[in-house]
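K.L.:
Fold the following and give me the result.
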Amino acid sequence: MYQPRKNNLIFSFFSWYIQFIIKKDFTAFHFDRVETKSDASMLILANHFSWWDGFFIFYLNKKVFKKQFHVLVNADNYNKVSFLKYLGAFAAEGKGKDVLDTLSYAGELLDDPNNLVLVFPQGKLYSNHLKSISFEKGVMQMINASKKKINIIFAATFIDYFAKRKPSAYTYLQNWETEEYVSLQLLKSAYNKHYDQSVIKQTQITE
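P.N.:
Below is the predicted model of the structure:
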């Protein structure tokens with residue numbers, strides 16, 4: 001598997017750069033604040049519709065959560081976008097056992113309360129206009145590989161222009177209080193309920 005690499009200089013530059021381009025290319029970035037347990041790690045499950053998605057959550061973590069950022073990406077993005085590895089990106093190098101090892105690695109990350117792991121459960125890019133979000137089964141394998149002391153955060157992000165030349169981004173967050181028994185179907189259902197509620201909030205915005 002491909003693991004994150006450390007380089008404080010590269011990390012500091014891109015931490016600044018991501019904040020810079022979000023402020024430059026968007027009219028505003030709005031997000032909720034949620035209460036979390038400080039002695040537990042954070043797993044953020046987010047919809048995936050654009051090149052910006054990981055950068056939004058990275059920026060949000062910098063401003064609000066302030067944990068060690070990690071994001072599960074695919075091997076192509078890990079290799080093509082060379083700086084991602086210095087921002088906490090990790091990926092499965094191959095298939096089969098390597099995928100299982102990568103999910104186990106993610107579970108180990110979630111055992112450290114200082115860590116945040118971002119996952120796009122859809123597995124690839126889809127339109128921002130979907131009515132529901134699909135979940136790959138690897139999400140549960142990752143959770144089951146951990147000690148399950150985790151803040152599970154649902155994030156639903158949308159972009160609208162309204163009357164502005166540049167768009168505004170909106171990320172709606174929910175800290176999901178996990179059930180004693182968590183299944184993929186239960187997780188997917190809970191996320192999509194949050195997603196549906198976020199769509200309603202988004203459509204109620206007027207400018």
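
K.L.:
can you list contacts of the longest helix along the chain?
P.N.:
If you go by DSSP state H, the chain has its longest helix at helix 184-203. Under the contact criterion C-beta atoms under 8 Å, 6 or more residues apart in numbering, helix 184-203 has outside partners 45, 47, 121, 132-135, 137, 139-140, 143, 152, 154, 156, 158, 160, 170, 172, 174, 176, 179. C-beta coordinates here come from the backbone N, C-alpha and C atoms, glycine included.

K.L.:
residues of that helix that come out buried?
P.N.:
Buried residues in helix 184-203, counting neighbours by 16 or more other C-beta atoms under 10 Å, are found at 184, 187, 188, 190, 191, 192, 194, 195, 198, 199.

K.L.:
Which one of the residues you listed is nearest to residue 16?
P.N.:
In terms of C-beta to C-beta, no member of the buried residues of helix 184-203 lies closer to residue 16 than residue 198, at 29.2 Å.

K.L.:
any chance of the buried residues of helix 184-203 in TSV, with pLDDT too?
P.N.:
Shown next, in TSV, are those (pLDDT from 0 to 100):
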residue	pLDDT
184	92
187	94
188	96
190	95
191	97
192	97
194	97
195	97
198	97
199	97
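
K.L.:
which one of these is nearest residue 125?
P.N.:
residue 195 (16.1 Å).

K.L.:
Only the buried subset of the contacts of helix 184-203, as a ChimeraX command please.
P.N.:
Those of the contacts of helix 184-203 that count as buried under 16+ other C-beta under 10 Å are selected in ChimeraX with:
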select :45,47,121,133,135,139,140,143,152,154,156,158,170,172,174,176
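
K.L.:
Of the contacts of helix 184-203, which belong to helices?
P.N.:
Using DSSP H, the subset of the contacts of helix 184-203 located in helices is 139, 140, 143.

K.L.:
Remind me which helix or strand the residue positioned nearest the centre of the chain belongs to.
P.N.:
The chain has residue 118 as the residue nearest its centroid, 3.4 Å off, counting by C-alpha atoms, centre = their mean. Per DSSP states H and E, residue 118 falls inside strand 115-119.

K.L.:
so what secondary structure elements neighbour that strand?
P.N.:
strand 41-46, helix 53-60, strand 68-72, helix 97-109, helix 138-144 (3 or more C-beta pairs under 8 Å, 6 or more residues apart in numbering; DSSP states H and E).

K.L.:
Can you tell me how far residue 190 is from residue 10?
P.N.:
Distance of residue 190 to residue 10, given as C-beta to C-beta, to the nearest Å: 36 Å.

K.L.:
For this protein, give me the ranges with low pLDDT.
P.N.:
179 (pLDDT under 70).

K.L.:
Name the nearest residue to residue 121, ignoring sequence neighbours.
P.N.:
Excluding the flanking residues, the one nearest residue 121 by C-beta to C-beta, 6 or more residues apart in numbering is residue 135, at 4.3 Å.
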